[in-house]
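Trainee: Predicted model follows, preceded by the sequence.
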Amino acid sequence: MSEDTVKSRLEARGLSEYVGLFWQHQITLDIAHLITDADLQQMGVTSVGARKRLLLALAKGEGVSPASATDLSQAPLLRPPAPWRGSNSTPGPQPGPQRGDAVRQEAERRCPASNRSVDLIEAPRLFFINWQNFKGRTSQSGYWWAQLWIMVGMGVLGVLDTAFFGYDPEDFWDSGVLSAIGNLILAIPGLSLFVRRLHDVNRSGWWSLIAVTIVGIIPLLYWTIIPGTPGPNKFGPDVEAGVAER
């Protein structure tokens with residue numbers, strides 16, 4: 001008989017494509033039966049049928065019926081039998097904290113919620129090391145801190161153009177020598193940053209083309225402001241591009 005593991009259970013039900021997802025979230029057999037439908041949604045499993053099959057596979061052999069496996073968070077792992085209502089019956093001892101609660105707390109301690117906050121100092125480093133990276137994801141803070149650096153840098157170049165090259169900021173057609181060079185250098189890194197921000201909200205980078213309609217700028221701006229999708233999405237795991245998974 002093969003060893004009973006999360007991998008073997010998923011493969012037995014034809015769910016082998018989710019083995020990597022469970023490994024990424026450090027879900028082992030001892031805590032697998034604690035996974036709920038909400039947990040699977042947070043992990044990026046969008047199909048209702050797939051979530052039901054996963055719950056059935058994880059509950060198998062654990063003394064949990066398929067009906068109760070759909071929402072383990074709403075009830076303790078084991079329910080004590082109801083006391084006999086005879087005339088001489090006396091209430092039995094009240095159950096203490098269930099072992100399942102302790103297991104869940106330990107799992108949450110070991111696998112905390114993703115925190116992809118990028119600070120002011122880290123943002124420019126990630127911006128430049130990902131200058132041609134059109135894959136992966138960039139968080140709100142990673143995007144907007146980088147934009148702040150870009151605006152400050154272009155402002156400094158504008159001041160230098162005015163002081164040394166006679167740049168006239170009121171002339172629409174005069175971009176300034178240094179400002180033009182800065183725009184060329186930042187064009188590809190800036191576009192890749194924007195594409196990764198769209199990936200973080202589960203949108204393809206091709207959506208950036210709607211900016212040519214002018215009106216399309218509104219949803220694009222909205223997508224740069226909202227938080228990214230929790231857990232993995234179709235553009236990758238919940239990891240900041242250029243940062244090793246924590």
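Mentor: Now that the structure is in, tell me what you want to look at.

Trainee: In the record's domain split, what are the boundaries for this protein?
Mentor: The record's domain parsing of the chain by automatic domain parsing lists 6-76+102-110, 122-225.

Trainee: which one of those domains has the lowest average pLDDT?
Mentor: Lowest mean pLDDT of the domains of the chain: domain 6-76+102-110, a mean of 69.

Trainee: Surely Tyr143 is in contact with Arg197?
Mentor: Yes. With contact defined as CB atoms under 8 Å, Tyr143 counts as touching Arg197 (4.6 Å). For glycine as for every other residue, the C-beta is placed from the backbone atoms N, C-alpha and C.

Trainee: Looking at these two, which is more packed in?
Mentor: Arg197 (26 against 23; other CB atoms under 10 Å).

Trainee: Can you list the residue ranges for helices in the protein?
Mentor: 6-12, 19-24, 29-32, 37-42, 48-59, 66-69, 99-110, 122-129, 140-164, 177-200, 217-225 (DSSP state H).

Trainee: Kindly present these as a markdown table, with separate columns for distance to Ser208.
Mentor: Converted to a markdown table, the helices of the chain look like this (distance: least, CB to CB, whole Å):
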| stretch | distance to Ser208 |
| --- | --- |
| helix 6-12 | 37 |
| helix 19-24 | 28 |
| helix 29-32 | 40 |
| helix 37-42 | 27 |
| helix 48-59 | 31 |
| helix 66-69 | 42 |
| helix 99-110 | 37 |
| helix 122-129 | 17 |
| helix 140-164 | 13 |
| helix 177-200 | 6 |
| helix 217-225 | 7 |
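
Trainee: Hmm, Gln41 is touching Arg51, no?
Mentor: Yes. Assessed by CB under 8 Å, Gln41 is found in contact with Arg51 at 7.1 Å.

Trainee: Between the two, point out the one with more neighbours.
Mentor: Between Gln41 and Arg51, counted using other CB under 10 Å, the more crowded position is Arg51 (21 against 14).

Trainee: I'd like to know how far that one sits from Arg137.
Mentor: Distance of Arg51 to Arg137, given as CB to CB, to the nearest Å: 23 Å.

Trainee: hmm, back to that, how about the helices of the chain, which one is nearest Pro232?
Mentor: The closest of the helices of the chain to Pro232 is helix 19-24. By CB to CB, the value is 6.6 Å.

Trainee: picking up where we left off before, got TSV for the domains of the chain, with distance to Asn233 too?
Mentor: Listed next are the domains of the chain as TSV, based on distance: least, CB to CB, whole Å:
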stretch	distance to Asn233
domain 6-76+102-110	6
domain 122-225	4
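
Trainee: To Arg116, which of those domains lies closest?
Mentor: Comparing the domains of the chain by their distance to Arg116 (CB to CB), the top pick is domain 122-225, with 4.4 Å.

Trainee: Can you give me the end-to-end span of stretch 193-207?
Mentor: Using CA to CA, to the nearest Å, the end-to-end distance of stretch 193-207 comes to 14 Å.

Trainee: list the buried ones in that stretch?
Mentor: Of all the residues in stretch 193-207, those buried under the rule 16 or more other CB atoms under 10 Å are 193-201, 203, 205, 207.

Trainee: and of the residues you listed, the nearest to Lys7?
Mentor: For these, the minimum distance to Lys7 (CB to CB) is 28.3 Å, reached by His199.

Trainee: Please name the nearest non-neighbouring residue to the closest one.
Mentor: Phe235 (3.8 Å; CB to CB, 6 or more residues apart in numbering).

Trainee: contacting residues for that neighbour?
Mentor: 135-137, 199-200, 202 (CB atoms under 8 Å, 6 or more residues apart in numbering).

Trainee: any idea how far Gly228 is from the nearest residue to Gly205 once chain neighbours are set aside?
Mentor: Sequence neighbours aside, Val195 is the residue nearest to Gly205 in space, at 3.4 Å (criterion: CB to CB, 6+ apart). Look at Val195 and Gly228: by CB to CB, they are 13 Å apart.
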